[in-house]
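Student: Curious how this folds, go ahead:
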Amino acid sequence: MTSDTSIRAHRIRFAVVIGETGRVFLGVQGMNKATGSGVVKEFWPTGAGGGVADELVLESASGDLRPSDYYLDANTAGEGLIVAYWIWVPSYAS
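Tutor: Take a look at the predicted model:
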């Protein structure tokens, strides 16, 4: 997802893009979607008709999730996932 190993997150959300037609795989380094080795989740497409989008949310109270630890592979070229991450930002006004 990123080569920046300095990013640490409290939450990462992976979601299917509505309307895409192929499966997308989330995994760790060295994953093999054909054998399932290293695959964390297989996301199913909504297709052209839309529908309920598949998603996965990872959370860590300590904020030690690294987006750079995760890899994506899609069966259809040009397709993928929507990925968002949250980081803690201190608020000095409260």
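
Student: Could you list every helix and strand that the helix or strand in which A15 is found packs against?
Tutor: A15 belongs to strand 11-16 when elements are defined using DSSP states H and E. For strand 11-16, the elements it packs on are strand 37-43, strand 55-59, strand 81-86, judged by 3 or more CB pairs under 8 Å, 6 or more residues apart in numbering; DSSP states H and E. C-beta coordinates here come from the backbone N, C-alpha and C atoms, glycine included.

Student: What strands line up against it, and which way round?
Tutor: strand 55-59 (antiparallel), strand 81-86 (antiparallel) (DSSP bridges).

Student: Among the ones you listed, which comes closest to G22?
Tutor: strand 81-86 (11.4 Å; CB to CB).

Student: can you pull the buried residues of that closest one?
Tutor: Buried residues in strand 81-86, counted by 16 or more other CB atoms under 10 Å: L81, Y85.

Student: ok and that strand relative to strand 37-43, angle-wise?
Tutor: 100 degrees (axes from the mean of the first three to the mean of the last three CA atoms, to 10 degrees).

Student: that older thread, include mean pLDDT when you put the strands paired with strand 11-16 into a markdown table, please.
Tutor: Converted to a markdown table, those look like this (pLDDT from 0 to 100):
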| stretch | mean pLDDT |
| --- | --- |
| strand 55-59 | 96 |
| strand 81-86 | 95 |
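
Student: so can I have a markdown table of the ones you listed showing distance to I18?
Tutor: A markdown table is the format used below for the strands paired with strand 11-16 (distance: least, CB to CB, whole Å):
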| stretch | distance to I18 |
| --- | --- |
| strand 55-59 | 11 |
| strand 81-86 | 9 |
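
Student: circling back to that earlier point, what mean pLDDT would you report for the strand holding A15?
Tutor: Strand 11-16 shows a mean pLDDT of 96.

Student: Please apply the same query to stretch 67-77.
Tutor: 96.
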